[in-house]
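K.L.:
Pasting a predicted model and its sequence here:
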Amino acid sequence: MNSNILRLSPRGRNLKKLVEKSHCLYDEFGIDMTQKQQARKIISHGRILTLHKILTTNQNMNQLFPDRSECERAKIECREMANELAKALGNKRKTRTAAERAMKREQQEKEADKFKKRVRLLKHLKKEQLIPTLLKYTPETELKALLQEARQERDQKRALKAQDTDS
């Protein structure tokens with residue numbers, strides 16, 4: 001929650017959306033919509049003053065904008081700004097997700113390369129050297145998994161042999 005936003009209980013769907021999206025932008029990305037430089041990245045320059053006025057006071061819209069036409073214009077701007085904030089928040093979340101996926105893909109590729117290097121190394125070793133090398137470079141959890149896999153394969157082969165001999 002952004003402590004600079006003083007509007008506590010906004011009335012109206014667009015005001016609620018505006019305040020909610022402002023809090024989300026602050027919590028997730030550190031963008032403070034009450035600071036004009038940061039707000040300028042998302043909202044057009046002409047609307048920044050209206051946004052700042054709405055977020056930093058807890059007054060009713062009719063009290064903030066006493067002129068009826070100005071109040072209607074501010075309400076329309078509020079709706080448009082709420083939509084802009086929602087779009088900006090969605091775009092930022094998409095880019096963050098894409099970056100996380102790219103990092104995850106890179107990490108998987110690095111692990112696959114490490115595995116390929118290990119396989120190349122192990123292919124050239126004799127049986128006497130293979131077991132100590134495996135024990136040295138393979139983590140204990142992977143060794144346990146490999147042992148369990150090998151036991152399952154051995155049991156399956158035995159079961160197949162038993163079926164063949166019974167027939």
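P.N.:
That came in fine, so what should we check first?
K.L.:
and the helix or strand where residue 99 lies, what other elements does it pack with?
P.N.:
Element membership for residue 99, per DSSP states H and E: helix 68-123. If contacts are counted by 3 or more CB pairs under 8 Å, 6 or more residues apart in numbering; DSSP states H and E, helix 68-123 sits against helix 13-29, helix 45-56, helix 61-64, helix 127-137. Yep, even glycine has a C-beta here, placed from its N, CA and C like the rest.
K.L.:
So which of those helices is nearest residue 95?
P.N.:
Residue 95 lies closest, by CB to CB, to one member of those: helix 13-29, at 10.0 Å.
K.L.:
export the closest one as CSV, just CAs?
P.N.:
The C-alpha trace of helix 13-29 is given here as CSV (Å, rounded to 0.1, in the frame of the first residue of the first chain):
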residue,chain,number,x,y,z
ARG,A,13,-16.2,2.3,-9.6
ASN,A,14,-13.7,4.4,-11.4
LEU,A,15,-12.2,5.9,-8.3
LYS,A,16,-11.9,2.5,-6.7
LYS,A,17,-10.2,1.2,-9.7
LEU,A,18,-7.9,4.2,-9.9
VAL,A,19,-6.8,3.8,-6.3
GLU,A,20,-6.5,0.0,-6.5
LYS,A,21,-4.4,0.1,-9.6
SER,A,22,-2.2,2.8,-8.1
HIS,A,23,-1.6,0.7,-5.0
CYS,A,24,-0.8,-2.3,-7.2
LEU,A,25,1.7,-0.4,-9.3
TYR,A,26,3.4,0.8,-6.1
ASP,A,27,3.4,-2.6,-4.5
GLU,A,28,4.5,-4.7,-7.5
PHE,A,29,6.8,-2.3,-9.4
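K.L.:
Return the helix or strand in this structure with minimum mean pLDDT.
P.N.:
helix 127-137 (a mean of 78; mean pLDDT, DSSP states H and E).
K.L.:
list the buried ones in that one?
P.N.:
By neighbour count with 16 or more other CB atoms under 10 Å, helix 127-137 contains no buried residues.
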